[in-house]
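> here are the coordinates; sequence isn't available:
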């Protein structure tokens, strides 16, 4: 009789549970006893420690379910319905998955016969109580945290910049947020600079140049904006701000705002800064695929190698956009150099269409490829002949060894050495025979399109790029064959791939055919040097 198989899943969510009689070792021990009663061998044990059952994002639990679906053990043994899940919907879904693979759930603390109506009802009731209990714990925890905050105690986590948790004088077992003067001075300076008209990027750059770090890290625009927006500096702690299911902020009226600690920024100053931020035109994500600029992600600084990203400046009547070195913007370790973004886009695009993506250049690449195709048969014969020649040499060496064996038999001198050589020869012969078969099975390449099709397609691509209002689509076409563009003080180095350019045009002309491109058939990466107009050059 084939032995039945079982897996054990054990879980604790708190150190208190681990110290009680439902610790992981206790669950495993009792699980093994139950498996023996069921005449089942325990094939795997899965454990999650310090993870709540209200969430199914438990690595060991997911591994246990996957194991059951793969190997279909007879039993899934766990301590109770609450150890399996504290969410009735999750519990139902995972039980369905176990049912489909023929695995029965066995609860240790409350034996339940799930095949009977009464067992089904008992299990369902326990799952409802488990979820209700978890909701009560969550509600009690929230009330406790709000109570702690209202009394001025810190609930844990990373403290806001400008504060440090310190033991409370009235209760040393708890902590309160205390103003940390070295950081608080920086917070005040950030707010004052914003009131003076400095933007978040400019503030971050200034801090980095002064050698002031954000707890060991360089300041970035996002960190500055977070401080400017945070109500922590009014002495507030906010609960119930974000909906955990949708991960979006709730309406302000649903927030729980508690006055918890001493403020750093006066309320009038904070409100003035919020008004400035609210009226400020939001800057676009510089590295985003939704960027409105053609060469986002392709441009790099010739001095430090960092990417050139978009930054904006507010003029009297409109907003101006520039490419600037990321390092200069965020860390202040490279020279600021603002190149008008739209102007550079227009100039660069004209240069690329004129010198790379043009009919003459592409036709020349196809001519090189045609020459490769015409000489392919000779190349195949040359490679085939080289393999055949090596096969003949090895066969001659092997024949000489066998002649020695026939003449001297077991008295053949250096018999062990010759035996080893025979094995090497046989191994090499097999490899060469495979190479020969691969060469002889190669299909001769053919040019997928003729010269007229090449011209038509190139003109079509150029017209598409020039007339398209979809910046994302145009940027996608350019990035297919352009690797990067390095902007130095007085020129731009454009690195592009000839093979990618050929593939782009061939796929456009013959989308139904599989594209063939011989290895090393034409030069791959090339560099085009473009001298910048004076208006884009760095100041001497």
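Okay, I see it. What you are looking at is a predicted structure, and each value in this text was computed from that prediction instead of being measured.
> and the helices in the stretch 251-400 of the chain?
Using DSSP state H, counting those that start in this stretch, the helices of the stretch 251-400 of the chain run over residues 267-279, 326-330, 341-355, 359-374, 376-408.
> closest one to residue 428 among these?
With distances scored as C-beta to C-beta, the stretch of the helices of the stretch 251-400 of the chain nearest to residue 428 is helix 376-408 (5.9 Å). Every C-beta, even on glycine, is put in place using the N, C-alpha and C of the backbone.
> so after the closest one, what's the next helix or strand?
Downstream of helix 376-408, the first helix or strand assigned by DSSP states H and E is helix 415-440.
> name the helices or strands packed onto that following helix?
Applying 3 or more C-beta pairs under 8 Å, 6 or more residues apart in numbering; DSSP states H and E, one finds that helix 415-440 makes contact with helix 376-408.
> do you have the helices of the stretch 101-250 of the chain handy? List them.
Here the stretch 101-250 of the chain has its helices, by DSSP H, counting those that start in this stretch, at 117-150, 181-195, 200-209, 221-229.
> which of these has the lowest average pLDDT?
Note on the helices of the stretch 101-250 of the chain: lowest mean pLDDT is at helix 117-150, with a mean of 60.
> so residue 45, which state does it fall into?
Under DSSP: H, G, I helix; E, B strand; the rest coil, residue 45 falls in the strand class.
> report how many residues lie close to residue 57.
By the measure other C-beta atoms under 10 Å, the count of residues near residue 57 is 8.
> let me fix that: residue 318
With other C-beta under 10 Å as criterion, residue 318 counts 7.
> still on that earlier bit, can I get the helices of the stretch 251-400 of the chain in a markdown table with mean pLDDT, distance to residue 5 and mean neighbour count?
Formatted as a markdown table, those follow (pLDDT from 0 to 100; distance: least, C-beta to C-beta, whole Å; neighbours: other C-beta atoms under 10 Å):
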| stretch | mean pLDDT | distance to residue 5 | mean neighbour count |
| --- | --- | --- | --- |
| helix 267-279 | 86 | 61 | 13 |
| helix 326-330 | 81 | 56 | 22 |
| helix 341-355 | 89 | 64 | 17 |
| helix 359-374 | 64 | 60 | 15 |
| helix 376-408 | 81 | 53 | 13 |
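> to residue 75, which of these lies closest?
Among the helices of the stretch 251-400 of the chain, helix 326-330 sits nearest to residue 75 (C-beta to C-beta), with 56.3 Å.
> just checking, what packs against that closest one?
Counting by 3+ C-beta pairs under 8 Å, 6+ apart, helix 326-330 packs on helix 200-209, strand 299-301, strand 308-314.
> do that again at 7 Å, thanks
In terms of contacts (3 or more C-beta pairs under 7 Å, 6 or more residues apart in numbering; DSSP states H and E), helix 326-330 is packed against helix 200-209, strand 308-314.
> okay, those in a markdown table with distance to residue 420 next?
Putting those into a markdown table (distance: least, C-beta to C-beta, whole Å) gives the following:
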| stretch | distance to residue 420 |
| --- | --- |
| helix 200-209 | 66 |
| strand 308-314 | 61 |
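> of all the helices of the stretch 251-400 of the chain, which one is nearest residue 217?
helix 326-330 (10.6 Å).
> what's in contact with the closest one?
201, 204-205, 218, 220, 301, 304, 306-307, 309, 311, 333-336 (C-beta atoms under 7 Å, 6 or more residues apart in numbering).
> thinking again about what came up before, tell me which of the helices of the stretch 251-400 of the chain lies nearest to residue 173.
Closest to residue 173 of the helices of the stretch 251-400 of the chain is helix 267-279 (C-beta to C-beta; 32.2 Å).
> mind checking the SS state of residue 526?
With three-state DSSP as the basis, residue 526 sits in strand.
> scratch that, residue 5 is what I was asking about
Of the three states, residue 5 takes strand under three-state DSSP.
> can you count the residues close to the closest residue to it other than its chain neighbours?
Of all residues not flanking residue 5 in the chain, residue 73 sits nearest, at 4.1 Å (C-beta to C-beta, 6 or more residues apart in numbering). Residue 73 has 24 neighbouring residues, counting by other C-beta under 10 Å.
> tell me who's in contact with residue 73.
Contacts of residue 73 by C-beta under 7 Å, 6+ apart are 5, 6, 7, 43, 103.
> pretty sure the fourth one is touching residue 5, no?
It refers to residue 43. Yes. Proximity of residue 43 to residue 5 meets the contact threshold set by C-beta atoms under 7 Å, at 4.9 Å.
> for those two, indicate the residue with more neighbours.
A side-by-side neighbour count of residue 43 and residue 5, using other C-beta under 10 Å, places residue 5 first with 18 against 15.
> beta partners of residue 528?
Beta-bridge pairing for residue 528 (DSSP bridges): residue 494.
> could you chop the protein up by domain?
Recorded structural domains for the chain (assignment: automatic domain parsing) are 4-137, 163-279, 284-374+446-540, 375-440.
> next, format those as a markdown table and append distance to residue 153.
Shown next, in a markdown table, are those (distance: least, C-beta to C-beta, whole Å):
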| stretch | distance to residue 153 |
| --- | --- |
| domain 4-137 | 20 |
| domain 163-279 | 5 |
| domain 284-374+446-540 | 36 |
| domain 375-440 | 73 |
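> could you identify which of those domains has the lowest mean pLDDT?
Among the domains of the chain, domain 284-374+446-540 scores lowest, with a mean of 74.
> now find how far off-centre stretch 176-186 is within its chain.
Taking C-alpha atoms, centre = their mean, to the nearest Å, one finds the center of stretch 176-186 at 35 Å from the center of the full chain.
> again with stretch 38-46
That offset, for stretch 38-46, works out to 37 Å (C-alpha atoms, centre = their mean).
> list the contacts of that stretch.
Identification of contacts with stretch 38-46 by C-beta under 7 Å, 6+ apart yields 3-9, 28, 32, 35, 60-61, 63-64, 67, 73-75.
> what do you get for stretch 261-275?
Counting by C-beta under 7 Å, 6+ apart, residues outside stretch 261-275 touching it are 152, 162-163, 176-177, 179, 184, 187-188, 191, 194-195, 228, 233-235.
> hang on, the earlier thing: identify the farthest-apart pair in the contacts of helix 326-330.
220 and 335 (18.7 Å).
> between those two, which has more neighbouring residues?
residue 220 (19 against 15).
> for the more buried one, phi and psi?
Backbone torsions of residue 220, given as degrees, to the nearest 10, read phi -130, psi 160.
> and it, how far from residue 396?
As judged by C-beta to C-beta, to the nearest Å, residue 220 and residue 396 stand 71 Å apart.
> repeat for residue 37
Residue 37 is 73 Å from residue 396, by C-beta to C-beta.
> do residue 206 as well
Taken as C-beta to C-beta, the span from residue 206 to residue 396 is 79 Å.
> before we move on, what about residue 434?
Counting by C-beta to C-beta, the gap from residue 434 to residue 396 is 21 Å.
> please apply the same query to residue 212.
78 Å.
> likewise residue 52?
For residue 52, the distance to residue 396 - C-beta to C-beta - is 74 Å.
> so what's the nearest residue to residue 435 once chain neighbours are set aside up against?
Leaving out its chain neighbours, the residue that sits closest to residue 435 by C-beta to C-beta, 6+ apart is residue 387, at 5.3 Å. Neighbour list for residue 387: 432, 435, 436, 439 [criterion: C-beta under 7 Å, 6+ apart].
> I'd like to know which of those residues are buried.
By neighbour count, with 16 or more other C-beta atoms under 10 Å, those hold 432, 435, 436, 439 as buried.
> which two of those residues have the greatest separation?
Top of the distance list for the buried ones among the contacts of residue 387 (C-beta to C-beta): 432 and 439, 10.5 Å.
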